[in-house]
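Peer 1: Sequence and predicted structure, then a few things I'm wondering about:
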Amino acid sequence: MAYRIIRSCKSVAKAAQRFHASNHGLELPKRNFVSTVNENLLTAKVPLISTVRYTNFFNKLPAEALWKGVTSVSNAGRRRGRGKGLKLTRNLNRGQIIGVGKVNMVWPGLTAPVLRGKELIQQEKLPEDPERMAKLAKLRDENSSRKSFKVHPLDRGWSGSKLPGRSIGPPDPRGEETFEGFDTICLESKPVFNMSANMGRKRRMSVFVVTGNRNGLAGFALGKAVEGKAAVKNAKNRAGQRLLHVNIYNNHTVYHDFFSQFGKTKVFVKKQPEGYGLRCHRAIKSCCEMIGIKDLYSRIEGSTNLQHIIKAFFIGLLQQKTHSQIAEEKKLHLVEIKKETGEFPLVVASPPVVRKREEIKRDEILDYTQYVMNNRVVLQKKKFPPFYTKHRSWEIYLRRQEYHRNQDKVRIRLLTNYGELRSYLTDKYPEARPPRKERKPADADA
């Protein structure tokens, strides 16, 4: 650029040398004319007025389009998991008030009343607020960051921040039914695709839920929609319209053991005493919570398709028989014997007419578990001993631990009975008591 400027100045000087100027008929010397031309070139001139355009894409497009260009991700990138860490858009108009800006001015009729009493208010400049920009930035940043809401660990679902295992609330009211006391848990949430000739690959969300009132009334359903929230709503409301009644024994477990199958999925369920808890598949555990079952053991064999597991479990629950039904079918007294009552026989159901001993056949099934399992026996696989029990080191370990066997149980029993570690020799030899650590009083610690 500098080279072009110097070259243009040389061309102007040469043109001036070839030009002969006249002053009242007198020819001026060439040297003086060139110097005057150079002086005119070096003097400051008024800049020429040039056209400037203030139009660009910043004031052509709205704020939503500008933020979309910065924060958007393509569909292909979104399917690959990109764009999850992008910052949220900020509303730059938030905190802006008409008439209030960087210069703190009083504008009568806009930021202040026109009259104050009988005095007419004039425009005036107030002292600047140094914290104004900081307050604006703080106000705009409130919604620009993702807030993490603390959720109870038992309500966080099965894995991370995903939907399966989380509570999504009761179904929407329908007519006079408001579904009070109901709750819904999502069991499965996944994208599904359908390929058609005219629409191509169409993507939708599939949500599988179970709902119940924790008192023997529950239902499950599958909902699909383009958006995840719509799929959750469809599944939740559909489950509320397909409620089933399940019999619960003593409000804590099933009536008896049962086996059920759906497709290639086999479910084995065992009745458990009170306080046992739920030891089963996580989907079955969620169903038990919605139904109101508190103690249960189940095992799954074959396919682990989640929808097949739930269907097989509900089939088994609906096929179970109550004690009165079994007593009427067999026309015999149904007697319960369990360890909690010291194996004392307790009659839980009786038919209106009881058969006599002579009427009972020899090959008739009288075992309760065998009868409710339809004369099936669950295969109990043999538990093989660990590999290290064949080594000589295991024998040495057992020999060393033989002296300490049952010491933990004896210690617990003595502490329970006497409140201290003592035996029948404690009174005879009081000096043999173990030393007790004396606790310091709270005042001394303070």
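Peer 2: That came in fine, so what should we check first?

Peer 1: which stretches of the stretch 251-400 of the chain form helices?
Peer 2: Taking DSSP state H, counting those that start in this stretch to define them, one finds helices in the stretch 251-400 of the chain at 282-291, 306-319, 323-330, 368-372, 392-401.

Peer 1: And the last one, what does it pack against?
Peer 2: Contacts defined by 3 or more CB pairs under 8 Å, 6 or more residues apart in numbering; DSSP states H and E place helix 392-401 against no helix or strand at all. C-beta: built from backbone N, CA, C; applies to glycine.

Peer 1: Would you mind extracting the C-alpha trace of the helix or strand just after that helix into CSV?
Peer 2: Elements were assigned by DSSP states H and E; along the chain past helix 392-401, the next helix or strand is helix 407-418. Backbone C-alpha positions of helix 407-418 (Å, rounded to 0.1, in the frame of the first residue of the first chain) are rendered in CSV as follows:
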residue,chain,number,x,y,z
GLN,A,407,-17.2,-66.6,69.9
ASP,A,408,-19.2,-63.8,68.1
LYS,A,409,-22.5,-65.5,68.9
VAL,A,410,-21.5,-66.1,72.6
ARG,A,411,-20.4,-62.5,72.9
ILE,A,412,-23.7,-61.2,71.6
ARG,A,413,-25.7,-63.6,73.9
LEU,A,414,-23.7,-62.5,77.0
LEU,A,415,-24.2,-58.8,76.2
THR,A,416,-27.9,-59.4,75.7
ASN,A,417,-28.5,-61.4,78.9
TYR,A,418,-26.1,-59.7,81.3
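
Peer 1: Next, the angle helix 282-291 makes with the helix or strand hosting Thr211.
Peer 2: Assigning secondary structure by DSSP H and E places Thr211 in strand 200-212. Orientation of strand 200-212 against helix 282-291 (axes from the mean of the first three to the mean of the last three CA atoms, to 10 degrees) gives an angle of 50 degrees.

Peer 1: in its sheet, what does strand 200-212 sit against?
Peer 2: Each strand that strand 200-212 pairs with, and the sense of that pairing, follows from DSSP bridges: strand 183-196 (antiparallel), strand 217-225 (antiparallel).

Peer 1: Enumerate the positions of the first one that are buried.
Peer 2: Buried positions in strand 183-196, judged by neighbour count with 16 or more other CB atoms under 10 Å: 183-189.

Peer 1: again with the last one
Peer 2: Under the neighbour-count criterion of 16+ other CB under 10 Å, strand 217-225 has 217-223, 225 buried.

Peer 1: Could you dump those into TSV with pLDDT added?
Peer 2: Below are the buried residues of strand 217-225 laid out as TSV (pLDDT from 0 to 100):
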residue	pLDDT
Leu217	96
Ala218	96
Gly219	97
Phe220	97
Ala221	97
Leu222	97
Gly223	97
Ala225	96
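
Peer 1: of the residues you listed, closest to Asn194?
Peer 2: Ala225 (12.9 Å; CB to CB).

Peer 1: For that closest one, give me its contacts.
Peer 2: Going by CB atoms under 8 Å, 6 or more residues apart in numbering, Ala225 touches 204-205, 231, 233-234.

Peer 1: Select only the buried ones of those in ChimeraX?
Peer 2: Selecting just the buried residues from the contacts of Ala225 in ChimeraX takes one command, with 16+ other CB under 10 Å as the test:
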select :205,231,233,234
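
Peer 1: follow-up on the earlier one: format the strands paired with strand 200-212 as JSON lines; extra columns: distance to Tyr418.
Peer 2: Formatted as JSON lines, the strands paired with strand 200-212 follow (distance: least, CB to CB, whole Å):
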{"stretch": "strand 183-196", "distance to Tyr418": "48"}
{"stretch": "strand 217-225", "distance to Tyr418": "50"}
